[in-house]
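Visitor: Got a sequence here, can you model it:
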Amino acid sequence: MRDYFSAISGSAGRLVFSLAYFVVLANALTISEFGVFATASATGVMLSRILGFGFIAPLYRIATVKPRLLGAYTVGFLAMSALSLPVVAVAGGVMYLIFFRVDMAPAAFALVIAAEALLWRLAEAAIIVNNGLNRFGRGAFLVIFGTAIRAAAALAFALLATRDLWIWTQFYVAANALSLLVAATFFYPWQRLRFTPRLYMRRLSDAAYVAGAEILFYLQMELDKLLVLALGGPHLAGIYAIIMRLVDLTAIPVRTFSMLLVQKMMRAPDMLRPIGTRLGIEAGIFAVSTLALLSLAVLLYFAPGILGSNVAEAAPLVILALAVPGLRNLVEYQAELLFARGQTAIRALNLVLLAGIKAVALAYILERHDLARDLVPALNWAFLMIYAASAALTYSALRLPAKRV
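Guide: Just a heads-up that it's a prediction; the model follows:
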């Protein structure tokens with residue numbers, strides 16, 4: 001509990017600054033521009049999992065169980081990150097041609113991808129390593145600082161006389177660059193750096209599975225934004241992005257809990273065998289997530305303009321997505337269980353199946369509903385279907401022996 005409250009302090013601070021960042025930016029850009037930016041940012045987060053070809057997972061495991069090897073694995077992560085940059089660039093180009101070429105300038109898209117996939121991902125590595133070392137206070141500060149800098153950049157952008165998406169992407173890159181500079185200079189636990197290929201070779205297969213699984217995980221998580229942009233246009237994508245951003249805020253305390261549970265399961269892989277433990281944790285995650293969104297919905301019902309005029313347009317729809325955050329957070333939690341047990345290949349396969357189910361379900365919904373007030377209620381059924389598939393796949397895999405990595 002002490003570790004949780006130490007870590008959640010960062011999440012609480014992040015929640016405050018995330019809300020401020022969201023409110024300022026959602027009202028500084030037009031709804032269409034915000035929808036395009038949010039979708040591009042989600043694409044950058046997905047592509048950021050290519051960076052290092054998943055070697056951030058061995059780096060995290062080493063920080064958790066063998067911290068004296070951290071210097072060697074830091075060099076391995078940086079080397080793998082450099083090798084992965086061309087792949088990130090090619091993947092970004094493909095995503096741009098498929099989803100963004102009509103609605104976003106290529107230079108603006110490139111800046112968003114660089115901010116997410118390179119600058120913020122490297123800053124995240126410092127946060128992940130600090131958490132692996134149980135230095136939750138330092139990790140929490142970096143989380144708060146990174147979010148606060150983005151909020152400050154959004155506020156500075158909102159005060160400009162002329163505002164457009166191209167100008168904002170430049171502010172966004174500068175904010176993420178500053179976060180990385182502070183993280184690398186003052187918070188990364190540097191040890192004597194040494195290049196040790198023989199250590200890395202043993203971890204490459206696990207890293208590759210993790211990279212594949214992470215890409216698939218974020219594809220599954222963010223596929224809805226891409227499909228709404230492609231099939232519904234930028235305005236509907238903006239309304240959808242506003243609603244899902246509020247849903248994302250409910251995941252912050254759950255992710256902190258999942259991080260600590262993963263660390264515990266790395267040392268005790270079979271701790272969730274009792275079915276009562278599983279059901280209790282899942283019920284708690286669903287209850288916390290649902291109550292969080294319900295609180296936001298009630299607030300927006302009585303004061304729809306409290307988060308700005310653009311958010312007010314989506315405010316009546318928030319209550320219609322009441323089951324979405326709980327189901328979405330449970331799918332994310334279940335994926336983390338397999339990572340903790342070293343079942344990365346099964347995790348990757350599960351995420352392929354879940355991404356396919358989500359694509360079919362959302363394409364069907366978007367084909368039948370072109371208005372936000374009809375689309376949002378149908379999302380509850382889509383996410384229920386995704387959760388049921390995830391639970392069946394995950395808990396079947398948990399019956400297998402854990403893989404020690």
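Visitor: Just list what the host helix or strand of residue 286 packs against, helices and strands only.
Guide: Taking DSSP states H and E as the definition, one finds residue 286 inside helix 275-302. Under the contact criterion of 3 or more C-beta pairs under 8 Å, 6 or more residues apart in numbering; DSSP states H and E, the helices and strands touching helix 275-302 comprise helix 204-249, helix 252-267, helix 324-340. C-beta here means a position set from N, CA and C on the backbone, and glycine is covered the same way.
Visitor: ranking those helices by burial, who's on top?
Guide: The highest mean neighbour count among these, using mean count of other C-beta atoms under 10 Å, belongs to helix 324-340: a mean of 23.
Visitor: Averaged pLDDT, it. What do you get?
Guide: Mean pLDDT, taken over the full extent of helix 324-340, equals 86.
Visitor: Mind giving me the packing neighbours of it?
Guide: Packing contacts for helix 324-340, counted by 3+ C-beta pairs under 8 Å, 6+ apart, involve helix 204-249, helix 252-267, helix 275-302, helix 344-368, helix 372-397.
Visitor: now the angle between helix 252-267 and that helix, please.
Guide: Taking axes from the mean of the first three to the mean of the last three C-alpha atoms, to 10 degrees, one finds that helix 324-340 is oriented at 20 degrees with respect to helix 252-267.
Visitor: okay, helix 324-340 in PDB with CA atoms only?
Guide: Written as PDB, here are the backbone C-alpha positions of helix 324-340 (Å, rounded to 0.1, in the frame of the first residue of the first chain):
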ATOM      1  CA  VAL A 324     -16.600   1.400 -21.700                       C
ATOM      2  CA  PRO A 325     -13.900   2.400 -19.300                       C
ATOM      3  CA  GLY A 326     -14.300  -0.600 -17.000                       C
ATOM      4  CA  LEU A 327     -14.300  -3.100 -19.900                       C
ATOM      5  CA  ARG A 328     -11.400  -1.300 -21.600                       C
ATOM      6  CA  ASN A 329      -9.300  -1.100 -18.500                       C
ATOM      7  CA  LEU A 330      -9.900  -4.800 -17.800                       C
ATOM      8  CA  VAL A 331      -8.600  -5.800 -21.200                       C
ATOM      9  CA  GLU A 332      -5.500  -3.700 -20.600                       C
ATOM     10  CA  TYR A 333      -5.100  -5.300 -17.100                       C
ATOM     11  CA  GLN A 334      -5.400  -8.900 -18.500                       C
ATOM     12  CA  ALA A 335      -2.700  -8.200 -21.100                       C
ATOM     13  CA  GLU A 336      -0.400  -7.200 -18.300                       C
ATOM     14  CA  LEU A 337      -0.900 -10.500 -16.500                       C
ATOM     15  CA  LEU A 338       0.600 -12.400 -19.400                       C
ATOM     16  CA  PHE A 339       3.500 -10.100 -19.600                       C
ATOM     17  CA  ALA A 340       4.200 -10.500 -15.900                       C
END
